[in-house]
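K.L.:
Please find the sequence and the predicted model below.
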Amino acid sequence: MSRVHTRSTTSPEATADFGAALGAACRGGEVILLSGPLGAGKTHLTKGIARGLGIDPRQVTSPTFTLQAIHHGRLPLYHVDLYRVDSPLELEHLELFEEVDGPGVTVIEWPERGGEHLPPDTLHIRIIPAQGDERRLELTLEGDDPPVHLAGCHP
Ligand code: ADP
Ligand code: MG
């Protein structure tokens with residue numbers, strides 16, 4: 001089952017505010033996939049999610065050499081960035097998605113590089129750059145047991 005909602009933002013702050021609403025609505029166990037080209041705003045959205053979880057957003061950066069960063073707030077935030085993964089085979093022996101059934105919130109940038117290793121039940125947000133600072137956000141609930149409580153979030 002998959003339901004699509006769309007919205008758009010016109011500034012980095014508005015994208016982060018939407019992320020904060022998502023973070024505030026998280027109960028633990030959610031997986032949020034963030035797709036979109038370089039500079040789309042995936043990390044800005046993640047900073048907002050962190051804020052909504054009571055984490056200082058300045059802690060959230062684009063990991064250069066690490067695939068995963070863990071931040072501790074109201075719930076733990078597992079921030080995964082697969083940008084540097086050339087083949088899903090590289091993920092075979094990593095324990096990257098081990099905690100998705102745990103109490104934390106998992107955010108995955110560049111999920112398409114994870115192939116079949118991705119968790120099945122997700123809120124997938126595709127960020128599509130438009131004119132100037134405008135970003136179109138397409139939200140899809142994926143899997144049999146997706147985090148439906150995140151689909152109606154508004155900043
Ligand atoms: P990504 O993680 O997708 O590569 P970042 O979040 O690191 O992207 O960077 C997004 C860039 O786009 C930042 O420089 C930000 O200031 C800019 N930007 C402009 N408009 C927006 C918007 N509406 N939402 C998010 N970022 C925006
Ligand atoms: Mg990024």
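P.N.:
Structure's in. What do you need? Ligands and ions are numbered 1, 2, ... in the order given.
K.L.:
Taking this structure, what residue is nearest to ligand 2?
P.N.:
Closest residue of the chain to ligand 2, Cβ to the ion: Thr43 (3.5 Å). C-beta here means a position set from N, CA and C on the backbone, and glycine is covered the same way.
K.L.:
Could I get the contacting residues of that residue?
P.N.:
When contacts are counted by Cβ atoms under 8 Å, 6 or more residues apart in numbering, Thr43 is found next to Val60, Thr61, Ser62, Glu109.
K.L.:
could you measure the residue of the chain at minimum distance from ligand 1 against Ala130, distance?
P.N.:
Shortest the chain-to-ligand 1 distance, computed as Cβ to the nearest ligand atom: residue-wise this is Gly41, at 2.8 Å. Distance, Gly41 to Ala130, by Cβ to Cβ, to the nearest Å: 11 Å.
K.L.:
the more surrounded of the two?
P.N.:
Gly41 (26 against 11; other Cβ atoms under 10 Å).
K.L.:
So the closest residue to the more buried one other than its chain neighbours, which state does it fall into?
P.N.:
Nearest residue to Gly41, sequence neighbours excluded (Cβ to Cβ, 6 or more residues apart in numbering): Thr15, at 4.8 Å. Of the three states, Thr15 takes helix under DSSP: H, G, I helix; E, B strand; the rest coil.
K.L.:
Name all residues that make contact with Thr15.
P.N.:
With contact taken as Cβ under 8 Å, 6+ apart, Thr15 is in contact with Thr9, Gly41, His44, Leu45, Gly48, Ile127, Arg135, Leu137.
K.L.:
Let's see which of those residues end up in helices.
P.N.:
His44, Leu45, Gly48 (DSSP state H).
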